[in-house]
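Undergrad: Quick one: sequence and predicted model below, then my questions.
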Amino acid sequence: MPRIQDIASKGPDLIEIPSIPWLARAINPGLIRGGVYLLAGEPGIGKTTLAIQLLGELAHQNRKVLYLTTEQGLGDLKRAVNRIHGRPGLPLSPAILNNFFLDDTVEDLDSLPRFLARRVLTAGEEYYGVETIVLDSVQGRGLSASATRKYRALYEFAENAKAQGLITVLIGHVTKKGQIAGPKDLEHNVDCIMYVRRAFRLRPFFVPKNRFGPALLDPLVLMMDDRGRLMESPHTSARSSAVYGYAGVGDELAEGQASVSLPRYGARPELNAPFLPGKKVRQLLSVLSSLKEVDLTDLSYEINCYVPRQQRYREELDLPIALALLSSYLHKPVPPDTLFVGELDLTRRVRPPEPAYLAALAQLVSGPQRGRVKRVYMSRECAERFGAMKPDGQGTPIGQQIEITPVEDLEDLLRALWPDLFPSR
């Protein structure tokens, strides 16, 4: 058996990617020579863009790179390369033109080992000297998870590339349940799994498996710039935040807190919500999962709700809990001087509270919590009535003491609270 000093090194193991610093941090310590990476996500979420970003960075370092496509045409990919790495009216840089190769001749995964041996590893062939290969995608032509022979050919291709010190990036699909498509041993045969999800205009990015460093289970929130490139969102900060509500009795505010993360690789999603009614929590998660453009499947949730004086949970606390979950997932802060009131029904509509609850809330914001609560989000059906209330029977109406934002449903509330998540109307 060889000793460590007997094992030949093929060059520096770590390859810098300075133009994509967030990716280097996410796949800590960075891009490793000989590494096999799996980039997964639903269609149209930015996988191709990220792969082209990465290959362009390496090409600018005068490293030869190869993009193998089994889905898109070469013309489409060329336009994507121009969009991501070009400048209006100017040709692509010589580094891109000389080092970035596109190929659509791989008809089947069976042919990958032969393609690698003949066209990449053979001296004198056009792709000889390539250091990184992207395969987009593994399931490009409707590959079934039971196609054992084809997946074995894929593993042989990746293993041979690794043995030669080449970096391999496999782009994979996900199922309707949010799981990575293909057999389970696909995940075992890669060194690092990168998983992109959708959340309105944001792209939560996870690394559930990383043989080279720590996994990234809390979402790194990305967004697309004006050229479609993925970059770290500059407007996110809250990994967990307190979202205030009112339980309908007493002088104190109730407080919802939540944390959302991807389960550790090989583990099952967990739901931990002590002292909260299980049926209500599951209903809230179901309602959030029905939001268009938000993928919350197969995640782990930690939910807490402080209700003063050990009162029971009230339906009007649905909104604080739902917003705490979304705040954690999207890393979007919630203003600390804001109160959220309302029950969420199965259609995501915000229901109005009972009159007695509104009367108690009016007493609260004009009395003990005056100055602390400056804004209330509530159902449109009761906002006007609440704003006209005068708790002491005279004096200033509530609507002149605090700001009241009426909302129809959860989407309406999110548009009012985080308008940057939505395209301009």
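TA: Structure received. Numbering: from 1, shown residues only.

Undergrad: in this structure, which ranges drop under the pLDDT threshold?
TA: The model of the chain has pLDDT under 70 over residues 1-2, 7-12, 234-241, 424-425.

Undergrad: Helices of the stretch 201-350 of the chain, residue ranges please.
TA: Applying DSSP state H, counting those that start in this stretch to the stretch 201-350 of the chain gives helices spanning 278-289, 318-330.

Undergrad: Alpha carbons only: can I get the first one in CSV?
TA: In other words, helix 278-289. What follows is helix 278-289, C-alpha atoms only, in CSV (Å, rounded to 0.1, in the frame of the first residue of the first chain):
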residue,chain,number,x,y,z
GLY,A,278,-50.1,19.6,15.5
LYS,A,279,-53.2,19.7,13.2
LYS,A,280,-53.0,23.5,12.9
VAL,A,281,-49.2,23.5,12.2
ARG,A,282,-49.6,20.9,9.5
GLN,A,283,-52.4,22.9,7.9
LEU,A,284,-50.3,26.1,8.0
LEU,A,285,-47.4,24.2,6.2
SER,A,286,-49.9,22.9,3.7
VAL,A,287,-51.2,26.4,3.0
LEU,A,288,-47.6,27.7,2.6
SER,A,289,-46.7,24.9,0.3
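
Undergrad: Report the angle between it and helix 318-330.
TA: 50 degrees (axes from the mean of the first three to the mean of the last three C-alpha atoms, to 10 degrees).

Undergrad: and helix 278-289, how far from the chain's centre?
TA: Its chain's average C-alpha position is 20 Å from that of helix 278-289, according to C-alpha atoms, centre = their mean, to the nearest Å.

Undergrad: So what touches that helix?
TA: For helix 278-289, the external contacting residues (C-beta atoms under 8 Å, 6 or more residues apart in numbering) are 271, 273, 294, 296-297, 301, 303, 313, 315, 318, 321-322, 325-326, 344-346, 348, 410. Any C-beta I mention is one placed from the backbone N, CA and C, and that applies to glycine too.

Undergrad: cool, stretch 294-304 as well?
TA: 42, 177-179, 197-200, 256-263, 269-276, 281, 285, 288-289, 321, 324-326, 329.

Undergrad: That stretch spans what distance, first to last residue?
TA: Stretch 294-304 has its terminal residues 22 Å apart, counting by C-alpha to C-alpha, to the nearest Å.

Undergrad: which one of the helices of the stretch 201-350 of the chain is the most hemmed in?
TA: helix 318-330 (a mean of 26; mean count of other C-beta atoms under 10 Å).

Undergrad: what's near enough to touch residue 258?
TA: Neighbouring residues of residue 258 by C-beta under 8 Å, 6+ apart: 240, 301, 302, 303, 304, 321, 324, 325, 327, 328.

Undergrad: Is it bridged to anything, and to what?
TA: residue 303 (DSSP bridges).

Undergrad: my read: residue 183 touches residue 144, true?
TA: No. Residue 183 lies out of contact with residue 144 (C-beta atoms under 8 Å); the separation is 9.5 Å.

Undergrad: Comparing these two, which residue is more hemmed in?
TA: When neighbours are counted by other C-beta atoms under 10 Å, residue 183 comes out ahead of the other of residue 183 and residue 144, with 15 against 12.

Undergrad: Packing partners of whatever helix or strand residue 413 lives in?
TA: Using DSSP states H and E, residue 413 sits within helix 410-417. Counting by 3 or more C-beta pairs under 8 Å, 6 or more residues apart in numbering; DSSP states H and E, the packing neighbours recorded for helix 410-417 are helix 318-330, strand 350-351, strand 375-379, strand 403-407.

Undergrad: Could you check the angle the following helix or strand past the second one makes with strand 375-379?
TA: Same thing as strand 350-351. As assigned by DSSP H and E, the chain's next helix or strand after strand 350-351 is helix 355-366. Orientation of helix 355-366 against strand 375-379 (the same axes, to 10 degrees) gives an angle of 170 degrees.

Undergrad: Identify all contacting residues around helix 355-366.
TA: 246, 248-249, 251, 316, 339, 341, 352-353, 373, 376, 382, 385-386, 389, 391-392, 396, 398, 401-402.

Undergrad: now that helix against strand 403-407, angle please.
TA: Computed with the same axes, to 10 degrees, the direction of helix 355-366 lies at 150 degrees from that of strand 403-407.

Undergrad: Just send the helices and strands packed on helix 410-417 back as CSV, with distance to residue 76 too.
TA: Formatted as CSV, the helices and strands packed on helix 410-417 follow (distance: least, C-beta to C-beta, whole Å):
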stretch, distance to residue 76
helix 318-330, 30
strand 350-351, 42
strand 375-379, 43
strand 403-407, 41
